[in-house]
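>>> Okay, here's the prediction I keep looking at, along with the sequence it came from:
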Amino acid sequence: MASTLTQRAQLAKFCTSRDWSKAIRVLDSLLSQSCVIQDICNRAYCYSQLELHKHVIKDCDKALHLDPTLLQAYILKGRAYSALGRKDDAVLIWEQGYEQAVRQSTDLKQLLELEELLTAVKKSTTASNDKDAKQLSEWSASKPEHINSGKSNETYNTRTVSSLGSEPYGDSREVLQTENQPIETSCIPNGSSKKDKVEGSKSFHMGPNGNHEKEQNGTCNVAIDFGARSEACSSTSDNNNKSDPITKISLLPSKSSDIPDLPSEPNNDAKGNKKFSVTRISKAKSINVDFRLSRGIAQVNEGQYARAISIFDQILREDPTYPEALIGRGTAYAFNRELDSAIADFTKAIQSNPSAGEAWKRRGQARAALGESSEAIADLTKSLEFEPDSADILHERGIVNFKLKDFYSATEDLSACVKLDKDNKSAYTYLGMALSSIGEYKKAEEAHMKAIQIDEKFLEAWCHLAQFYQDLANSTKALDCLKQVLQIDSRFAKGYHLRGLLLHATGDHRNAIKDLTIGLSIESSNIECLYLRASCHHAVGEYKEAVKDYDAALDLELDSMDKFVLQCMAFYQKEIALYTAAKINSEFCWFDIDGDIDPLFKEYWCKRLHPKNVCEKVFRQPSLKKSKLKKQDFTLTKPKIALLLSADRIGKTIQYHCPGFLPNSRQHRMAGLASIEIAQKVSKIWRSLQSEWRFSTKNTSKNGRRVRRKEKIIIPSLNRDAAGCSTSSNSEASTSSALEEKSSGQSVFSWLHLYSMAVKWRQISEPCDPVVWVNKLSEEFNTGFGSHTPLILGQARVIRYYPHFQRTLDVAKTVVRENGFVHNKADGTIDLSKDGKLEEFIKAQSCADLYKAVGEDFWLATRCNSSAFEGKRLEGTRITLVKTGERGFDFAIRTPCTPARWEDFDAEMTSSWEVLCNAYCGETYGSNDFGTLENVREAILRMTYYWYNFMPLSRGSAVVGFSVMLGLLLAANMEFTGSIPEGRQVDWDAILSSDPNSFMDSVKSWLYPSLKAKYIPNKRMSRREYQSALSIFGTSIEN
């Protein structure tokens, strides 16, 4: 009690001496002990004396929530709105207060004050309207085209903006700028302690991509909350929620489309457009500290950070622990990109006043900008203790959680934020991205649409909605969104990049180049545009332009790790482009990445590693010489046109009709060409084998058995030594020429050569995808390097593969039920037969349940029964679970291609190929009767099953396997004319089947009805035309 009386005495003393900030601190302390409504009003009054009008509104809202009849709160809140230039809101509040006063008539003085306020503002409005009408009439008669030229500035200059820096009539939330990496990248590298190099980026609050907002006209809005908020008085009304975001440090461009052209420094026009009442105070030393503090804040609002810091320095020289000055100076440092200094000031403010919730929030924001996400979460969580219903803080913490990939926490924070602040378009955009990450696609779409509903010109929302639709493989809606983006701002470089990315993903490389070129004309140093345009030039055979863009990307100075990865990839892609250019006029068989390119280079390329080691140990490709680069022949003869039409028809059947798989016309054509080439090559081989079979039937052995055939065919030797094309330091033979040499000089066409034809087409269909045979990498082959296909990454559900989660979980349970154990990281055995672990594993429904049952990271191998060796079981695909973070798991399938596993599957594939040749090259040869061809179809599916379980490529195994299957069916006079059913992925059907018969049963139901008798397309083409269309290196076939 004595302490309370002492504080009341101090409060009276501070108010008498007009020391409002110290009075606020006392009131904070009193309110933390007991929530007295009058103390809330008193604090609002103190804020009004400091012209911190937004805080006035917040406290008045709290008071009115507790007592809707409190007239003083109506008066103070209306005055605050009036000072902010929001006259209509002020009138509305005063009218509400007047109605309350009339009904109760308990405080006649305040009733009369409300009446006077209403009368005065209405008279002022009438006079202003009369004046406006008169001037409008005069201007209309003289210069109608300049109808707004003088009046708007005159009116604006008469407004008084508080030291809180609020913008009259403006949206209280920040407008967010689209970044080049929409989710991952921050503009400030972790650990940076110096000014950010990104010019024009002056906002302290981060945008959706880790970017920092730019200011308009060199101005910004700053709010400093003096002291803590009482938990006991945390109830808020809707009005409180709407005003809360102004307490951010934020920069408010009038529209998001203005962002790219904003000046990076304040200009004189901007300063002339605002009038700060605090700046009229004399600089005499007798000035009250509070008003010097207000001057400092005003300087920050004007973008005069050095002057603001100087003012705060003066205050801190007198009192080094003054919390408000520390927060103000820290804010100025933050805007000036001196984040370490800002954090130091916020930390001192917290040490001086641990209840300064604003300091906790500001430090959290600064730490988030530096990439110190965990520390930022801790600070923002602490600040929520003082303002539990702050939409601002929930929004900020939601953003940081999103960047930490804690999507469930981000969803919780952002959902709470939009309940408090229903017009926060930024929060809705982030919420859409978080919901999409956890697989809530319908809710995600609704959130994105809500952000657009709030602001139809919000570029950020349109861009993320476009990416959302692209992820769902809805290219039509994605293109519509990007069209809206470019209609809003035709100079928005990010829009052209995103549309170029979408066109590239659908195989429209030529139009992608056009969009990327426009984007680079706006932002010449955009490495995403440069790298993507280079890859498009590369794909269509424009190697000179591709190398030029790759070089430009390599010369850029970068500010983030993600961009540096692109720069590393540009190095590798340039080398591949130079290699390909050297092969452009050669026959297709001379293009052999797996045989010609050094294993170390390929390994680093696949892993996206820094190329330093490669540069030191691997021979570089010779530069592109104009004299050696011949112009390509794009003349289309009738046979070529017929071939391409057939390729397009066949190739489109590879398309998966599942979320995440965009139809790509270029890859469709390449798959069709691969299938046709395979059909023609295999048909030739089978004709030779069939002739051999006929001969063998005439020379049977004494026991009546035919002599065992060998599928021999003499083909051109591929062990060559091409000049000027080797990146390899050895002469190791390629997989594509993996032929078994016989003493007779003849060589056997193996399954390796069969699949290598499709691999080459996959390599040239998209040259930026590192598609290579895993056994042709460096020593990593011996340590189990292989494919990795995640279903869940952390908390994110991978849109392409998560639909297989339940089936994969069921397979894992089946294996564990049979074996009773799993393997740990070190390949040791973890026994699950004891302590009820096996039962717990079988009952598991989630990754968390599985991890709880096992107790550590683990893997298990699916069953893959051998057809070549009875009773043998191959190691199929590994199902792995690795814990990541507090709530995340990496749940994936992996196929480690160790030498032992390779040997097993090599034997199985060899047997399958022999069985297929035997099935077709006897009496069945040439038949188009489906009943007769049943054994052939089953042999083809059996081989496809083992290929998918083998997964011997770094990537692309799925499309290669299906293309080969189509080619083999064509060789047997059967064409697949249907489509893969919606939701089905053939490779997953094989991986999750324990034997080929199960796989065949799952495929036959939709494959067989769509098989039609068909002879090989263009089978009768001349050898010359065949070489022109296929064997001549066709990387530039137009779509």
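Received it, and whenever you're ready, just let me know what you need. Note that the coordinates shown come from a computational prediction; the quantities given were computed from them, not determined experimentally. Numbers count the residues shown, from 1 in each chain.
>>> can you map out the helices along the stretch 351-500 of the chain?
357-369, 373-386, 391-403, 407-420, 425-437, 441-454, 459-471, 475-488, 493-505 (DSSP state H, counting those that start in this stretch).
>>> In the stretch 1-150 of the chain, where is pLDDT below threshold?
1-2, 105-108, 111, 121-150 (pLDDT under 70).
>>> From Tyr74, how far out is the nearest residue to Leu117 once chain neighbours are set aside?
Of all residues not flanking Leu117 in the chain, Trp94 sits nearest, at 5.2 Å (CB to CB, 6 or more residues apart in numbering). C-beta: built from backbone N, CA, C; applies to glycine. In this view, Trp94 and Tyr74 are 6 Å apart by CB to CB, to the nearest Å.
>>> Name the residues contacting each of those two.
Common neighbours of Trp94 and Tyr74 are listed as Leu114 (criterion: CB atoms under 8 Å, 6 or more residues apart in numbering).
>>> Residues touching the helix or strand encompassing Leu916, excluding its own?
Secondary-structure assignment from DSSP states H and E places Leu916 in helix 899-920. The contact list for helix 899-920 (CB under 8 Å, 6+ apart) reads 685-686, 689, 709, 711, 750-751, 754, 775, 781-782, 866-869, 874-875, 935-936, 939-940, 942-943, 946-947, 949-950, 952, 968, 971-972.
>>> What mean pLDDT does that helix get?
Taken as a whole, helix 899-920 has a mean pLDDT of 93.
>>> what does stretch 961-979 give?
95.
>>> Low-confidence ranges, this protein, go.
1-2, 105-108, 111, 121-288, 626-634, 697-747, 779-785, 1015-1039.
>>> tell me which residues of the longest strand seen in it are tucked away?
If you go by DSSP state E, the chain has its longest strand at strand 873-884. Of the residues in strand 873-884, those buried by neighbour count under the rule 16 or more other CB atoms under 10 Å are Leu874, Glu875, Gly876, Thr877, Arg878, Ile879, Thr880, Leu881, Val882.
>>> Tell me who's in contact with the residue lying closest to Val960 once chain neighbours are set aside.
Leaving out its chain neighbours, the residue that sits closest to Val960 by CB to CB, 6+ apart is Ala758, at 4.5 Å. Neighbouring residues of Ala758 by CB under 8 Å, 6+ apart: Ala671, Ala674, Ser675, Ile678, Val960, Ser963, Val964, Gly967.
>>> ok, and the most crowded of those residues?
Ser675 (33 neighbours; other CB atoms under 10 Å).
>>> helices or strands next to whichever strand or helix holds that one in the packing?
Element membership of Ser675 [criterion: DSSP H and E] is helix 665-697. Packing partners of helix 665-697 (3 or more CB pairs under 8 Å, 6 or more residues apart in numbering; DSSP states H and E): helix 638-651, helix 751-765, helix 899-920, helix 957-971.
>>> which residues of the stretch 751-900 of the chain fall in strands?
Along the stretch 751-900 of the chain, the segments classed as strands by DSSP state E, counting those that start in this stretch run 786-794, 796-797, 821-823, 829-831, 858-865, 873-884, 888-896.
>>> closest one to Thr814 among those strands?
Nearest of the strands of the stretch 751-900 of the chain to Thr814, taken as CB to CB: strand 858-865 at 8.1 Å.
>>> Please enumerate residues in contact with the closest one?
So strand 858-865 is contacted by 811-812, 815-816, 819, 822-825, 830, 872-881, 894, 946, 949, 991-992, 994-996 (CB under 8 Å, 6+ apart).
>>> got the contact list for the residue nearest to Tyr802 when sequence neighbours are not counted?
What sits nearest to Tyr802 in space, not counting adjacent residues and going by CB to CB, 6+ apart, is Leu791, at 5.2 Å. By CB under 8 Å, 6+ apart, the residues touching Leu791 are Arg797, Val798, Tyr801, Tyr802, His804, Phe805, Thr808, Phe891, Ala892, Ile893.
>>> so can I have TSV of those showing distance to Thr119 and neighbour count?
Formatted as TSV, the contacts of Leu791 follow (distance: CB to CB, whole Å; neighbours: other CB atoms under 10 Å):
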residue	distance to Thr119	neighbour count
Arg797	62	22
Val798	65	19
Tyr801	69	20
Tyr802	65	20
His804	72	21
Phe805	68	17
Thr808	74	21
Phe891	70	25
Ala892	72	22
Ile893	76	24
